[in-house]
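[1] Give me coordinates for this.
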Amino acid sequence: MTDIQINHITKDYGDQRGIFNIDLGIRKGEIFGFIGTNGSGKTTTIREIMGFIRPDAGNIQIREYDAHRDATKTKRFIGYVPGEIAFPDLPSGKSFIRFQAELLNLKDLRYADELVKILQIDLRANPRKMSKGMKQKTAIIAALMDDSDILILDEPTTGLDPLMRKKFLEILKKEKAKGKTIFITSNIFQEIEELCDRVAFIESGRVVDIV
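    Next up, the predicted model:
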């Protein structure tokens with residue numbers, strides 16, 4: 001059973017930029033890695049899955065929903081860490097977490113508190129003034145705290161030091177043990193070699209191998 005079915009997606013920006021005929025099936029309960037250099041098409045693929053952009057050809061099914069047409073519905077059960085994090089103008093990281101919880105109608109923040117301890121983050125700082133690593137941790141907490149069935153993670157370890165990377169990968173292993181489906185991009189193969197059930201390699205907007 002697939003949770004995410006990417007059917008021959010193309011998004012052509014011209015000058016050989018974009019993604020071309022991407023065809024992938026991400027199975028329920030697996031961690032699927034998507035590996036490529038910067039500019040290879042990883043983020044464009046993620047944005048297609050999230051329904052932020054309309055494909056030129058092909059479609060994406062997330063369970064029974066169309067990723068673009070039904071994006072509002074799919075976001076109810078997807079936790080998302082974007083590749084570029086932009087926080088609203090709020091006084092603290094804690095305010096941001098509470099703001100996100102309200103949007104999700106999430107009343108129980110115990111898992112968020114647990115993640116704060118694991119990732120060792122002080123949420124009193126203004127999120128716009130945080131370091132890259134602190135911003136990344138805050139985005140991770142916001143994505144995972146709702147216990148969503150599907151996690152879409154665009155280079156989530158960017159800015160994390162080696163210890164925090166290790167802790168984060170341990171968190172993802174526990175999420176997988178809960179039955180979560182996880183789609184994660186990276187440009188570092190070694191980082192997710194032990195984590196993923198399968199890995200697809202993308203180069204110049206085209207999948208060149210799946211292992």
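
[2] Run through the residues that contact the most centrally placed residue in the chain.
    Nearest to the geometric centre of the chain sits L153, at 1.6 Å (C-alpha atoms, centre = their mean). By C-beta atoms under 8 Å, 6 or more residues apart in numbering, L153 lies in contact with 80-81, 143, 182-185. Any C-beta I mention is one placed from the backbone N, CA and C, and that applies to glycine too.

[3] got CSV for the residues you listed, with pLDDT, distance to V199 and secondary structure too?
    Listed next are these as CSV, based on pLDDT from 0 to 100; distance: C-beta to C-beta, whole Å; DSSP: H, G, I helix; E, B strand; the rest coil:
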residue, pLDDT, distance to V199, secondary structure
Y80, 97, 20, strand
V81, 97, 18, strand
A143, 96, 21, helix
I182, 98, 12, strand
F183, 98, 11, strand
I184, 98, 10, strand
T185, 96, 11, strand
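
[4] what mean pLDDT would you report for the longest helix seen in the chain?
    When the chain is parsed with DSSP state H, its longest helix is helix 162-177. Looking at helix 162-177 alone, the average pLDDT works out to 95.

[5] Look up how far K167 lies from the closest residue to S40 other than its chain neighbours.
    Counting by C-beta to C-beta, 6 or more residues apart in numbering, I202 is the residue found nearest to S40 once chain neighbours are left out, at 4.9 Å. Noted for I202: a distance of 27 Å to K167, by C-beta to C-beta, to the nearest Å.

[6] Same question for C196.
    Between C196 and K167 the distance is 18 Å, computed by C-beta to C-beta.

[7] Which one's more surrounded, these two?
    The residue with the greater number of neighbours, taking C196 and K167 and applying other C-beta atoms under 10 Å, is C196; the counts read 23 against 16.

[8] least trustworthy helix or strand in the chain by mean pLDDT?
    Evaluated with mean pLDDT, DSSP states H and E, the helix-and-strand set of the chain has its lowest mean pLDDT in helix 189-193, which scores a mean of 85.

[9] Tell me where the chain has strands.
    Under the criterion DSSP state E, the chain carries strands at the ranges 2-14, 17-27, 31-35, 57-62, 65-66, 78-81, 150-154, 181-186, 198-203, 206-210.

[10] got a list of contacts for the first one?
    If I follow you right, that is strand 2-14. Contact with strand 2-14 is made by 18-28, 44-45, 48-49, 53, 55-63, 149-150, 181, 183, as judged by C-beta under 8 Å, 6+ apart.

[11] Let me have the strands of the chain in JSON lines, extended by distance to L90.
    Converted to JSON lines, the strands of the chain look like this (distance: least, C-beta to C-beta, whole Å):
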{"stretch": "strand 2-14", "distance to L90": "31"}
{"stretch": "strand 17-27", "distance to L90": "33"}
{"stretch": "strand 31-35", "distance to L90": "31"}
{"stretch": "strand 57-62", "distance to L90": "29"}
{"stretch": "strand 65-66", "distance to L90": "31"}
{"stretch": "strand 78-81", "distance to L90": "18"}
{"stretch": "strand 150-154", "distance to L90": "22"}
{"stretch": "strand 181-186", "distance to L90": "27"}
{"stretch": "strand 198-203", "distance to L90": "35"}
{"stretch": "strand 206-210", "distance to L90": "39"}
